[in-house]
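1. Here is my input, please return the structure:
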Amino acid sequence: MPWIFVLLVLEIPVAIALVDWSRRSPEAFLGGAAGKAKWRRRLLLGLATGWLGVGNAVVIWYVMMVVRAKTDGEPLEAVACETVFIQATPEQCVAVITDIESYIQWSPGITEATVLARDRDGRPTEAAFVRDAPMGGGTFSYTMSFAYSEPHGVRLTMLSAETEDPERMEMLNQMMGSMATTYRFEPNGAETVMEFELRMSLPPQIPAMIASRMPAMMASKTTTELKERIEHLIKVG
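-> Just a heads-up that it's a prediction; the model follows:
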């Protein structure tokens, strides 16, 4: 009946409040295997008797706590790859990636970009960036290392990051040292083939639906912006 679903929807905030109220480890809160068995019995009883009101809230609470317990595990290792054809030479492509100061002109969100160290050939080996955080989260700063492989390969790895948001900081700490992007450029006639790879460890708190799509979205966005920047520079001379 429709009114049952209305009650269920109204009870979801109650369940969420209960989950937020308990900040202990989900495994400890449920009381291990015995505790889980007890809560499963309560869940079955609730479903069998058609509990309403607080009953449904408790059922939802149990489900959410089990989900939290399952997500308090190891980070999810994610990989995304892109192959892009660019109307430029491999040298021109590498030149854009290593022109750190110009990032603020073509990479949306970056407000500061500074080279911290260079190698003997003058190529950046470490750089610092400041970026606007999404969804009004202020800003966050981070440093990246640059490593080069012949003839036209560049690998960027996140070394450190800082933000004023404690929750975002916790997530960034889990990603530190594991988030890396690799660019490989190969000549292909009058154009260049760019092989892009993104590897990252996503915190287990991120919902699976988002975690499964995030790397691919980031890879697509990064390669699109880079391709547009390179071809724009070639066009304007």
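
2. okay, CA-based contacts and neighbour counts for the rest of this
-> Noted.

3. Please name every helix or strand in contact with the longest helix seen in the chain.
-> Looking across the chain with DSSP state H, the single longest helix is helix 208-236. Counting by 3 or more Cα pairs under 8 Å, 6 or more residues apart in numbering; DSSP states H and E, the packing neighbours recorded for helix 208-236 are strand 76-86, helix 90-97, helix 103-106, strand 191-202.

4. in the first one, what counts as buried?
-> Along strand 76-86, the positions that meet the burial threshold by neighbour count (16 or more other Cα atoms under 10 Å) are 76, 78-82, 86.

5. same question, stretch 180-193
-> 180-187, 192-193.

6. coming back round to it: just name the lowest-scoring one in the buried residues of strand 76-86, pLDDT-wise.
-> Among these, residue 76 carries the lowest pLDDT, at 75.

7. Spit out the contact partners of that one.
-> Contact analysis of residue 76 by Cα atoms under 8 Å, 6 or more residues apart in numbering lists 201-204, 211.

8. go again using 7 Å as the cut-off
-> 201-204 (Cα atoms under 7 Å, 6 or more residues apart in numbering).

9. what is the rounded mean pLDDT of stretch 184-193?
-> Per-residue pLDDT over stretch 184-193 has a mean of 96.

10. Could you do stretch 215-229 as well?
-> 92.

11. Now residue 77. Nearest residue, chain neighbours left out?
-> Residue nearest to residue 77 in three dimensions, not counting chain neighbours: residue 201, with 4.6 Å by Cα to Cα, 6 or more residues apart in numbering.

12. do residue 92 as well
-> Closest to residue 92 by Cα to Cα, 6+ apart is residue 230, at 7.4 Å.

13. gap between the one you found and residue 113?
-> Distance of residue 230 to residue 113, computed by Cα to Cα, to the nearest Å: 18 Å.

14. domain parsing for the chain?
-> For the chain, automatic domain parsing gives the domain ranges 2-71, 76-236.

15. follow-up on the earlier one: just to check, the residue nearest to residue 92 is in contact with residue 94?
-> No: if you go by Cα atoms under 7 Å, residue 230 and residue 94 don't touch, sitting 9.5 Å apart.

16. Those two: which has the busier surroundings?
-> Using other Cα atoms under 10 Å as the criterion, residue 230 and residue 94 rank with residue 230 on top: 21 against 18.
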